[in-house]
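Undergrad: mind folding the following:
(one chain, ligands or ions: 1)
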Amino acid sequence: MAFTAEHSERCRRDFPALRAASGEREPVFLDGPGGVQVPEIVIDTMAEFYRSCNVNTHGSFPPSHEVDRRMHRARETLAAFLGAPGPQCISFGQNMTTLNFALSTAIGRTLAAGDEVLITQLDHEANRGPWLALEERGAIVRQVRMTARGELDPDDMAAKISARTRVFAIGAASNALGTVNDLEQARRLTREVGALLVVDAVHFAPHFPLDVARLDPDFLLCSGYKFYGPHVGVLYAKPGALDRLPTNRLSTQEPAAPHRIETGTLNHAAIDGMRAAVEYLASWGTGATLRERLVDAMQGISAYEHALAKRYHDAVRQLPGIKVYGPDFATVHRAPTVSISLAAHSAGAAATALGERGVYVWDGHFYAARVIELLGLANRGGLLRTGISMYSAARDIDRLLEGLARLT
Ligand SMILES: Cc1ncc(COP(=O)(O)O)c(C=O)c1O
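TA: As a prediction, this is how the structure comes out:
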């Protein structure tokens, strides 16, 4: 099913934060890569959780059974979102960063001195820092080079994987530049040398259908607040992959997947809210199963967001004194995230001026700090980033362009 401007307009009404206060203009949220707004159904689901079953799991009384049922349903729903075989593959945590640290710590215990871990220069620090920390244990961490266009160098990727590589941690899409990485190449190369493939899909998940059954990563992470849910991290582990890992856990904790990496009490209300967010996304697709509806919806949303991002990309390039970064829209598959710098203003000054006009965009390094360093922008306030979401409209882009035109 196509997701058109009319659908986007309809979906906008589901998000209370997008409504204009009386006598004011609509706020323009183009900050999605930092976190999107949530639809009413997510807010209602979380409120209803607290009203009806705010108790812990695994009790012997009805409200606790209800929480167990909801947690199971949330794992099933997230499995459908990712294309995973079942709920036992889905672990939850505080956020992606915390889960990735737990994962790298566990994998680190299985490494011998001199074993290699490959990361990339393009990734968010959440998929670099946890692996760089393994240098303390004697691991050698190598990095795939980013090109001037903000893409990973495929030859460098091939050259840096060796028989000593135990893990390749790579992002599916860059939250700074919108680059979509070649995960097929990463999977091929890791398979050849028997290394684990860990994918950071945080920036990819809100914009494209995910299919772990086809891609076959060992681990994949994403984060609910990027796809219209609350702040919950999600870890997919290939069947069997988590059960073998020496994770940090209590003696009283369930040792099997998916619980093996879930320390302490989870945020049950937020997990239920994230389940509602995924079902909300599915409501924009058609199909017999939840998975089919999700894939259909994400394909439609993807095409809609891409067209709007391209429209912005084409227009912003025409403004004087603006430099646009990242891959070209004409030639490659990329995420609807566009970053620029302005000759006359720092990104921070531009974001502040736009914010005063009700147009919200992010500035800085967005934790993709290595990317900003390599682009030579570390001492110049980084980039000004615009992210398109399912609720973004052409008039939002027009307001952003108007605001930028005043700054050039
Ligand atoms: C690409 C990418 N990876 C990882 C993260 C970290 O996610 P979390 O905030 O859930 O730890 C972010 C957050 O912005 C991100 O954009």
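Undergrad: which stretch of helix or strand covers Thr386?
TA: When elements are assigned from DSSP states H and E, Thr386 belongs to strand 383-387.
Undergrad: got phi/psi on Val324?
TA: When read as degrees, to the nearest 10, the backbone of Val324 gives phi -100, psi 140.
Undergrad: hmm, back to that, ok, is the strand holding Thr386 in contact with the ligand or not?
TA: No. Strand 383-387 lies apart from the ligand when judged by CB under 6 Å from any ligand atom; the minimum separation is 9.9 Å. In this view, the C-beta of every residue, glycine as well, is placed from N, C-alpha and C.
Undergrad: same deal with stretch 176-184?
TA: No. No part of stretch 176-184 sits near the ligand under the criterion CB under 6 Å from any ligand atom; the closest distance found is 8.4 Å.
Undergrad: confirm Ser341 sits in a helix?
TA: No. The assignment for Ser341 is strand, going by DSSP: H, G, I helix; E, B strand; the rest coil, so no helix is present there.
Undergrad: got a pLDDT number for it?
TA: The per-residue pLDDT reported for Ser341 equals 98.
Undergrad: that one is in contact with Gly348, isn't it?
TA: No. In terms of CB atoms under 8 Å, Ser341 does not count as a neighbour of Gly348; the distance is 11.4 Å.
Undergrad: and these two? which has more neighbours close in?
TA: Here Ser341 and Gly348 are compared on neighbour count by other CB atoms under 10 Å; more neighbours surround Ser341, at 22 against 14.
Undergrad: buried residues in whatever helix or strand comes next after the strand holding Thr386, which are they?
TA: On the C-terminal side of strand 383-387, the closest following helix or strand by DSSP H and E is helix 394-405. For helix 394-405, burial by neighbour count (16 or more other CB atoms under 10 Å) applies to 396-397, 399-401, 403-404.
Undergrad: test my guess that Trp362 contacts Pro33.
TA: Yes. Contact between Trp362 and Pro33 holds when scored by CB under 8 Å: they sit 6.9 Å apart.
Undergrad: more neighbours: which of these two?
TA: In this view Trp362 and Pro33 are compared by other CB under 10 Å, and Pro33 has more residues nearby, 30 against 24.
Undergrad: assign the more buried one to helix, strand or coil.
TA: Criterion first, three-state DSSP; result for Pro33: helix.
Undergrad: how close does it sit to the ligand?
TA: Distance of Pro33 to the ligand, computed by CB to the nearest ligand atom, to the nearest Å: 6 Å.
Undergrad: need the residues that contact the strand holding Thr386.
TA: For strand 383-387, contacts defined as CB atoms under 8 Å, 6 or more residues apart in numbering pick out 30-34, 176, 309, 312, 325, 336-342, 347, 350-351, 361-366, 372, 375, 377, 400.
Undergrad: redo that, cut-off 7 Å
TA: Here strand 383-387 makes contact (CB atoms under 7 Å, 6 or more residues apart in numbering) with 30-33, 176, 312, 325, 336-342, 347, 350-351, 361-363, 366, 372, 377, 400.
Undergrad: and what of stretch 171-191?
TA: Taking CB under 7 Å, 6+ apart as the criterion, the residues outside stretch 171-191 that touch it are 33, 120, 122-124, 127, 150-152, 154, 157-158, 161, 168, 170, 196-197, 199-204, 215-216, 325-327, 333-339, 366, 368, 371, 383, 385.
Undergrad: could you look up the SS state of Gly355?
TA: Three states are possible here, and by three-state DSSP the one that applies to Gly355 is helix.
Undergrad: and it, how many residues sit next to it?
TA: Gly355: 16 surrounding residues under other CB under 10 Å.
Undergrad: what's the pLDDT at it?
TA: Value for Gly355, per-residue pLDDT: 98.
Undergrad: which strand or helix spans Phe92?
TA: Phe92 belongs to strand 90-93 when elements are defined using DSSP H and E.
Undergrad: ok, that strand: who's next to it in the sheet?
TA: Taking DSSP bridges as the criterion, strand 90-93 pairs within the sheet with strand 233-237 (antiparallel).
Undergrad: moving C-terminal from the partner strand, which element do we reach first?
TA: Elements were assigned by DSSP H and E; along the chain past strand 233-237, the next helix or strand is helix 268-282.
Undergrad: identify the residues contacting stretch 309-318?
TA: The list of residues contacting stretch 309-318 from outside it, by CB under 7 Å, 6+ apart, reads 322, 324, 329, 336, 338, 340, 386, 388, 397, 401, 404.
Undergrad: quick check: mean pLDDT of that stretch?
TA: Along stretch 309-318, the predicted local confidence has a mean pLDDT of 97.
Undergrad: close to the ligand, is the strand holding Phe92?
TA: No. Taking CB under 6 Å from any ligand atom as the criterion, strand 90-93 and the ligand are apart, separated by no less than 8.8 Å.
Undergrad: tell me how far that strand lies from the chain's centre.
TA: 15 Å (CA atoms, centre = their mean, to the nearest Å).
Undergrad: one more: stretch 283-303?
TA: So, by CA atoms, centre = their mean, the centroid of stretch 283-303 is 18 Å from its chain's centroid.
Undergrad: over to stretch 203-221?
TA: Here the centre of stretch 203-221 is set off from its chain's centre by 10 Å, with CA atoms, centre = their mean.
Undergrad: who's in contact with stretch 392-399?
TA: Contacts of stretch 392-399 with the rest of the structure, by CB under 7 Å, 6+ apart, involve 5, 8-9, 12, 28, 30, 308, 311-312, 359.
Undergrad: show me those residues that map onto strands.
TA: Using DSSP state E, the subset of those located in strands is 28, 359.
Undergrad: Leu221: how many residues sit nearby?
TA: Counted with other CB under 10 Å, the neighbours of Leu221 add up to 29.
Undergrad: residues touching it, list them.
TA: For Leu221, counting by CB under 7 Å, 6+ apart, the contacting residues are 96, 99-100, 200-202, 233-235.
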